[in-house]
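Chemist: What follows is a predicted structure for the sequence shown.
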Amino acid sequence: MKGAYLYKAPRGTTDILPAEQGYFRYIEERAADICQCYGYKRIDTPLFEDSRLFVRTIGPGTDIVEKETYSFEDRSGQGMTLRPEGTAPICRAYLEHGMHNLPQPVKLYYFAAIFRYERPQKGRYRQHQQFGFEALGEGDPALDAEVIEMAWRFFKSLGLRKISMKVNSIGCRLCRPPYLEKLTEYYSEHIDQMCPECKARFRKNTLRLLDCKKPLCQDTAAGAPKSVQHLCPECKEHFKSVSSYLRLLRVPYKKDHRLVRGLDYYTRTVFEVQPKDEGGAQSALGGGGRYDDLIGELGGKPTPAIGFATGIERIVLNLKEQGIKPPVSDAQGIYVAYLGHEGKAEAVKLTAELRRAGMLVHWSFGNKSLKSQMRQANALGAEFAFIFGEDEVRNGTVMYRDLVEGDQWEVPIDEVVNLLTQV
RNA sequence: GUGAGUGUCGCCUAGUGGUUAAGGCGCCAGGUUGUGGCCCUGGAGAUCGAGGGUUCGAAUCCCUUCACUCACCCCA
C-alpha cells in the first residue's frame, strides 16, 4: 500500500504522532520552567520574514542563505523566507517594538519551527523545532556565563547524561580580521596536506577549517594559531571574565579553541553543547553565542546581545538513546457501555454528564456487542466501566464495573456522580 | 550537491526462479441468552516501491526510476 498513496509528508518533514508527543511536551515544560526562573518571557514571531532580514544577519555567503532557505515571492512580489533560525526575527522584533525602552537586558525565549532545505539524515530535518532564548541589551560577561549555565541546566534537568559544554571566544570586529589573516597564513602552508573538503573551506570559510573531523586535518588544526591568543585586550578580558563566572557557577565547561559557529553574526563568546560519545554525526545538541553587532547592523543603535538555541528533535533522539522516558500522565478514564437503544440513550446522557464534570470518558459508536465494548474499554486502559443493559435501564440503575479488580455492582443512576466524587 | 545501503499487509519479519506470497504484533468478529484482560477459532488487510527487460515461468536475475535511511557538506 505504501506506494499506492498519492501523498506523503514532504522529504525531511515528519508527523509527530500521539505516541511521540510526550517527549516534546516534557522538553517544552522543562524549558518553560527554566525560563521562568531566569526571567525570560515567551515571544512568538512569524513563520516567515522579509528575505533580506536573513541575508543581512546570517551572512550572504553562508550555506544557510545560499542554498538552504525556503524562499518565495508573495502575491505582491515581496521576497519572503521561512525562518531558518530564531535569532534574527527576535532582533527585528526588539527594534520594531522599541524594546530598548524596557529594562535591559530584555530576556526572551521561543519555540519555533525552523526550515532549512537540506538533505535529511539522522537528527536533521527540513522542518524542525527549536527552543531558544536571547538576552538583548547587555554586554556584561556575567550574562554570558548566566546564559551558558542556563543552557547547561536545561539539558541536565531533562536527565541527559554524557554531554559536554564547549566554550570559545572568536573575538570582535577589531581583533578577528587580523586573526583570520594569521590563520590563512598558517593554512596556506599546509593546504596541500588537507582533505578536499578543507581545500574548499580554505577559500570559503577559513574558520571552519578548525573543526574538520578528519584525523589528518585535526593534527593540522592542533598546530593552528588559536583565536584566544589573538584577542584584543577588551575581548581577552571579557573571555577571562566569562571563564571565572563559569567557575563560580560551577558549570563543567571545556575551552575548545576549535569551536566555531556557523553563523556570521557571532562575536566574542561562542558555546556548544555536545553529546560526549559523538559518533561523528550531528555533534551539536545546541549552541549559541554573543552577537554584539547584529542589532546595530539591522539599523538599531549598537546593542550587545547573546543567545542560545537547541533542536528539539535532537534532544528527543538523545533522550531515547539514553533510555530516558518522559513522565506519563495517569489519566485512565471511564468507559460507558450499553445494550439496545434505550441503553444507548442512557449512555449518551451519562457520558455527557461526566464530561461536563471534567472527566475523561470513552464510549463506543455503532452498537457493538458488549463483549466488543469491554474489549475496547480494556484496550483504552479504562479504570472502570458503566454498563447500561436492559435490566439497568428498567431499574433506573447502572452497572459499575471495576476493571482493575474485576468486580461490579449495580448502583442507582442518581448516585453515580456521588460515587465518583468519593473515588 | 556527493557517496553508500535498503524497499514484501498498519508495524516487524519469512520467502533468493516454479502451483492460490507465509508468520508474529496490531485490528475486527465469534467461543450460546448482557461483560474486558489469558486462551482458542475465524476474518479483513500485500497487484512483493514503480516501469521495462531476461525467462515457458520472477518478490526472487538485469536495467531504469522513485522513495526512504545513513554518511559527507553544513548545522539544531
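Modeler: Arrived safely.
Chemist: So is stretch A:283-298 next to RNA strand B?
Modeler: Yes. Residues of stretch A:283-298 are located near RNA strand B by Cβ under 7 Å from any atom of the strand, namely A:283-287. Heads up, the C-betas are built off the backbone N, CA and C, glycines and all.
Chemist: Which positions in that stretch come out as buried?
Modeler: By 16 or more other Cβ atoms under 10 Å, the buried positions in stretch A:283-298 come out as A:283-295, A:298.
Chemist: tell me the SS of the closest residue to RNA strand B within the stretch 251-400 of chain A?
Modeler: Nearest to RNA strand B in the stretch 251-400 of chain A, going by Cβ to the nearest atom of the strand, is A:Gly262, at a distance of 1.9 Å. Put simply, A:Gly262 is coil when judged by DSSP: H, G, I helix; E, B strand; the rest coil.
Chemist: do stretch A:326-335 and RNA strand B meet?
Modeler: No. Using Cβ under 7 Å from any atom of the strand, stretch A:326-335 never reaches RNA strand B; the gap is at least 9.3 Å.
Chemist: Quick one: mean pLDDT over that stretch.
Modeler: Regarding stretch A:326-335, the rounded mean pLDDT is 84.
Chemist: Pull out the buried residues from it.
Modeler: By neighbour count on 16+ other Cβ under 10 Å, the buried set for stretch A:326-335 is A:326, A:333-335.
Chemist: Over to stretch A:120-140?
Modeler: Those would be A:123-140, for stretch A:120-140 by 16+ other Cβ under 10 Å.
Chemist: Show me the buried residues of stretch A:283-298 that map onto helices.
Modeler: A:294-295 (DSSP state H).
Chemist: Same list (the residues of stretch A:283-298 next to RNA strand B) but as CSV, adding distance to A:Ala305 and pLDDT.
Modeler: Shown next, in CSV, are these (distance: Cβ to Cβ, whole Å; pLDDT from 0 to 100):
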residue, distance to A:Ala305, pLDDT
A:Ser283, 25, 74
A:Ala284, 20, 90
A:Leu285, 22, 94
A:Gly286, 17, 95
A:Gly287, 15, 95
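Chemist: Now for those residues: which two are most distant?
Modeler: Farthest pair in the residues of stretch A:283-298 next to RNA strand B (Cβ to Cβ) is A:Ser283 and A:Gly286. Separation: 11.0 Å.
Chemist: any shared contact partners between these two?
Modeler: A:Glu272 (Cβ atoms under 8 Å, 6 or more residues apart in numbering).
Chemist: Restrict stretch A:222-237 to CA atoms and write it as PDB.
Modeler: Provided in PDB are the C-alpha atoms of stretch A:222-237 (Å, rounded to 0.1, in the frame of the first residue of the first chain):
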ATOM      1  CA  ALA A 222      46.000  21.500  16.500                       C
ATOM      2  CA  GLY A 223      49.000  23.500  15.400                       C
ATOM      3  CA  ALA A 224      47.000  26.400  14.100                       C
ATOM      4  CA  PRO A 225      47.000  29.800  15.700                       C
ATOM      5  CA  LYS A 226      44.300  30.000  18.300                       C
ATOM      6  CA  SER A 227      41.800  32.800  18.300                       C
ATOM      7  CA  VAL A 228      42.000  33.200  22.100                       C
ATOM      8  CA  GLN A 229      45.700  34.100  21.700                       C
ATOM      9  CA  HIS A 230      44.900  36.800  19.300                       C
ATOM     10  CA  LEU A 231      42.100  38.600  21.000                       C
ATOM     11  CA  CYS A 232      42.300  42.300  21.600                       C
ATOM     12  CA  PRO A 233      42.700  43.400  25.200                       C
ATOM     13  CA  GLU A 234      39.000  44.000  25.700                       C
ATOM     14  CA  CYS A 235      37.900  40.600  24.200                       C
ATOM     15  CA  LYS A 236      40.600  38.900  26.200                       C
ATOM     16  CA  GLU A 237      39.400  40.500  29.400                       C
END
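Chemist: In chain A, where is pLDDT below threshold?
Modeler: Applying pLDDT under 70 to chain A flags the ranges A:1-5, A:277-282, A:422-423.
Chemist: report the longest helix in it, please.
Modeler: In chain A, ranked by residue count with DSSP H as the criterion, the top helix is helix A:18-38.
Chemist: For it, name the packing helices and strands.
Modeler: For helix A:18-38, the packing partners by 3 or more Cβ pairs under 8 Å, 6 or more residues apart in numbering; DSSP states H and E come out as strand A:41-42, strand A:106-115, strand A:127-136, helix A:141-157, helix A:312-321.
Chemist: from these, which stretch is densest packed?
Modeler: Of all those, strand A:127-136 carries the top mean neighbour count, a mean of 23, counting by mean count of other Cβ atoms under 10 Å.
Chemist: for that one, the distance to its chain's centre please.
Modeler: Averaging C-alpha positions (Cα atoms, centre = their mean, to the nearest Å) puts strand A:127-136 7 Å from its chain's average.
Chemist: so what does that strand touch, helix or strand wise?
Modeler: helix A:18-38, helix A:87-96, strand A:106-115, helix A:141-157, strand A:305-311, helix A:312-321.
Chemist: Only C-alpha atoms, please: export that strand in PDB.
Modeler: These are the backbone C-alpha positions of strand A:127-136, laid out as PDB (Å, rounded to 0.1, in the frame of the first residue of the first chain):
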ATOM      1  CA  GLN A 127      11.400  21.400   9.300                       C
ATOM      2  CA  HIS A 128      12.300  21.000  12.900                       C
ATOM      3  CA  GLN A 129      11.600  22.600  16.200                       C
ATOM      4  CA  GLN A 130      13.900  24.800  18.100                       C
ATOM      5  CA  PHE A 131      13.900  26.100  21.600                       C
ATOM      6  CA  GLY A 132      16.000  29.200  22.100                       C
ATOM      7  CA  PHE A 133      16.400  32.200  24.300                       C
ATOM      8  CA  GLU A 134      18.000  35.600  23.900                       C
ATOM      9  CA  ALA A 135      19.100  38.300  26.200                       C
ATOM     10  CA  LEU A 136      19.400  41.600  24.500                       C
END
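Chemist: Report the angle between that strand and helix A:87-96.
Modeler: 40 degrees (axes from the mean of the first three to the mean of the last three Cα atoms, to 10 degrees).
Chemist: I figured A:Ala135 hits A:Pro103, correct?
Modeler: No. The pair A:Ala135 / A:Pro103 is not scored as a contact, 11.8 Å apart, by Cβ atoms under 8 Å.
Chemist: Cheers, nothing more for now.
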